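Peer 1: Predicted coordinates and the sequence they were generated for:
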Amino acid sequence: MINKYFQRTIEIFSIIVIAAISLYLLEKNPIVFDLTKNQKYTVDKKIIELLNSLEDNVYVKVFYDKGSSDYNNISEVLRNLSRYSNKIKVSYIDPRKDIVTAQLYGFSSSNQVLIIYKDRKKFENTIDNEKFANIVSNLLRQKKGQILFTTGHKEPSIDDYNQEGLSSLVKSFRDEGLTVENINLATDNIYNPLVLFVVGPKVDLSEFEIKKIKDYLYDGGKLVVALKNYEKSKFRNLDKLIREFGIDVQENFIIGLDPNNLAVVVSNVVNLPYLSALANVNFYMLNPLVINRIDNVKDVSLSEVLVAKGIMITQDMKKNRQIVVSKDLIKDYTVAMMSERIFKDKKSNILVIGDYGMLVNALVNAGENTNFVLAIIDYFSGNESGFVFKPKDIPDLPIVVPTGQQLALYVIYLLIPFGFLFLTLFFIVRRRVSRSSL
C-alpha cells in the first residue's frame with residue numbers, strides 16, 4: 001500500500017517538475033515561429049547583445065492611451081525585449097489620471113514614449129525593436145560637441161517652427177546631447193565646432209567668409225552644404241570651394257519617380273560602409289540637384305552618399321508635365337556626395353546634399369532623414385560603425401511571437417510532456433489491469 005502511494009506521489013511530482021521545466025525553457029527561449037508577414041516581432045541578434053551589455057537599467061515611460069492600437073504594439077515590443085534583459089524597466093502613465101506625473105517627466109503631449117538611460121533621455125511617438133535599440137545605443141554614446149549653422153545669406157532659421165524651418169532638426173541634435181548655435185561668418189570666427197552647416201543659402205558667401213571656412217577645413221573641419229535652386233553663376237565662391245573638394249553640382253535638373261508628382265523622389269544609401277546599414281530605407285527629398293565627381297582633383301576621396309533611381313528631367317519638361325516614362329529613362333543619379341581630404345594628418349570632410357528640403361521641418365522626420373543626418377554626425381565624430389539596423393540584418397533566430405500565438409505555443413509545450421506522461425500512465429494502468437484480470 002505504501003509503495004502504491006509512493007509511486008503515485010513520484011508520478012505527480014514528475015509531472016509538476018516536467019511542467020515547470022517546460023515553462024522555464026519556454027520563458028528563456030521564447031522562439032519558435034514569427035508568423036507575422038513582415039517579421040515585426042523578430043529580435044535582431046545585435047539587439048540582444050546590446051541589451052545584455054547594458055551597465056545600468058533603461059527606464060521606459062509609456063504615456064499612451066490604452067485604447068489605441070499603437071499602445072498595444074508598443075506594449076508587445078517592450079514585453080518581447082524585456083524577455084532578453086531584466087534591465088529594461090517599463091512603466092505606464094495614464095493620460096487621463098497621471099497628468100502630474102507626465103509633466104514631471106517632461107511629456108509635452110499624450111501618446112509618447114520616454115526612454116531614460118542614466119542622465120540621458122529621448123522622447124519618441126512610437127517604437128519598434130530597431131528604433132528602441134538605436135535609441136538606447138545613441139544614449140550609450142551620446143554625442144558631445146557643437147553644431148553651427150551659418151546665417152546672413154537668407155538661410156532657413158534654426159528657430160523657425162514652420163514647415164521650411166530647421167527647428168525639428170535642431171531638436172534632434174540637442175536630444176543627442178549636442179549644442180546648436182548660429183554663426184555669422186561676416187563677424188564671427190569659427191572656434192572648432194564638430195560640424196558647420198551651410199543650409200539653403202539664397203545669396204553667395206563672400207570671399208572673406210569662404211576663407212574662414214577653408215581655414216576651418218584645413219584644421220580638420222567638417223562641413224555640410226545643403227542646396228536648393230542652385231545656379232553656379234550666383235554662387236561662384238561657394239561653388240569654387242565645393243569644386244576644390246572634387247564635387248560638381250549640376251543645376252536645372254529634377255529627379256522624379258512619379259511623372260504625376262515630379263516633386264517627390266525616393267533615394268537609397270549606397271557605397272559607404274558606415275551607412276550601409278541604412279540601405280533599403282527610403283529618404284524623401286524634393287527637387288534634388290544632381291551631383292557629379294570631378295575626377296582630376298588630387299588627394300580627394302569621394303563617396304556617393306545618396307543615389308536616386310529616377311528620371312532626369314529639365315525645368316521645361318516639368319512645366320509641361322508630359323513625360324513618356326521608359327526603362328531607358330530610369331537611371332541612378334547621385335544627389336549627395338561626401339569628400340574627404342587630408343591636411344597635415346587631419347581629415348577634413350565636405351558633404352554636399354542636392355536638396356536641403358530633406359532637412360526642413362516638413363520632411364526631416366519622413367522616412368529615415370533624421371537617422372541619415374545623425375549617421376553623418378556619427379561619422380564626423382569618429383564613430384564609423386554606427387549601431388543601425390535594417391530588416392535584412394535580422395537573422396533566422398531568435399523569434400518572438402505575439403501574445404495570442406504565445407498561448408498556443410504554451411499549450412504545445414505543455415501538451416507534449418503531459419501527453420508523454422499520459423501515455424506512460426495509460427500503459428502502466430493497462431498492464432496492472434491485465435495482471436489483475438489474470
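Peer 2: Nice, thanks for sending it over. All figures in this text were calculated on a predicted structure; none of them were measured in a lab.
Peer 1: where do the strands sit along the stretch 151-300 of the chain?
Peer 2: 179-183, 195-199, 222-226, 247-250, 254-256, 264-269, 283-286, 290-293, 300-313 (DSSP state E, counting those that start in this stretch).
Peer 1: Okay, now the unreliable bits of the stretch 151-300 of the chain?
Peer 2: The model of the stretch 151-300 of the chain has pLDDT under 70 over residues 252, 256-286.
Peer 1: what does the stretch 301-438 of the chain give?
Peer 2: Under the criterion pLDDT under 70, the flagged ranges of the stretch 301-438 of the chain are 313-329, 367, 383-421, 423-438.
Peer 1: Select, out of the strands of the stretch 151-300 of the chain, the one closest to Leu139.
Peer 2: strand 179-183 (17.3 Å; Cβ to Cβ). Heads up, the C-betas are built off the backbone N, CA and C, glycines and all.
Peer 1: The closest one: which residues count as buried?
Peer 2: Going by neighbour count (16 or more other Cβ atoms under 10 Å), the buried part of strand 179-183 is Val180, Ile183.
Peer 1: same question, stretch 67-77
Peer 2: Neighbour-count burial for stretch 67-77 [16+ other Cβ under 10 Å]: Tyr71, Asn73, Ile74, Ser75, Glu76, Val77.
Peer 1: Is it possible to get JSON lines of these that adds pLDDT?
Peer 2: Output for these, formatted as JSON lines (pLDDT from 0 to 100):
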{"residue": "Tyr71", "pLDDT": "86"}
{"residue": "Asn73", "pLDDT": "85"}
{"residue": "Ile74", "pLDDT": "88"}
{"residue": "Ser75", "pLDDT": "87"}
{"residue": "Glu76", "pLDDT": "85"}
{"residue": "Val77", "pLDDT": "85"}
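Peer 1: of the residues you listed, closest to Ile47?
Peer 2: The closest of these to Ile47 turns out to be Val77 (Cβ to Cβ; 10.9 Å).
Peer 1: hey, C-alpha coordinates of the helix or strand harbouring that closest one in PDB?
Peer 2: Assigned by DSSP states H and E, Val77 belongs to helix 69-82. This file holds the C-alpha atoms of helix 69-82, laid out as PDB (Å, rounded to 0.1, in the frame of the first residue of the first chain):
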ATOM      1  CA  SER A  69      -3.500  50.200 -31.500                       C
ATOM      2  CA  ASP A  70      -0.100  51.900 -31.100                       C
ATOM      3  CA  TYR A  71      -0.300  51.300 -27.400                       C
ATOM      4  CA  ASN A  72      -0.800  47.500 -28.000                       C
ATOM      5  CA  ASN A  73       2.100  47.400 -30.400                       C
ATOM      6  CA  ILE A  74       4.400  49.300 -28.100                       C
ATOM      7  CA  SER A  75       3.500  47.100 -25.200                       C
ATOM      8  CA  GLU A  76       4.200  44.000 -27.200                       C
ATOM      9  CA  VAL A  77       7.600  45.300 -28.400                       C
ATOM     10  CA  LEU A  78       8.600  46.200 -24.800                       C
ATOM     11  CA  ARG A  79       7.300  42.900 -23.400                       C
ATOM     12  CA  ASN A  80       9.300  41.000 -26.000                       C
ATOM     13  CA  LEU A  81      12.500  43.000 -25.400                       C
ATOM     14  CA  SER A  82      12.200  42.600 -21.700                       C
END
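Peer 1: just so I have it, where are all the helices in the stretch 251-400 of the chain?
Peer 2: Taking DSSP state H, counting those that start in this stretch to define them, one finds helices in the stretch 251-400 of the chain at 315-320, 369-380.
Peer 1: is it true that Leu148 lies in a helix?
Peer 2: No - counting by DSSP: H, G, I helix; E, B strand; the rest coil, one finds Leu148 to be strand, located in no helix.
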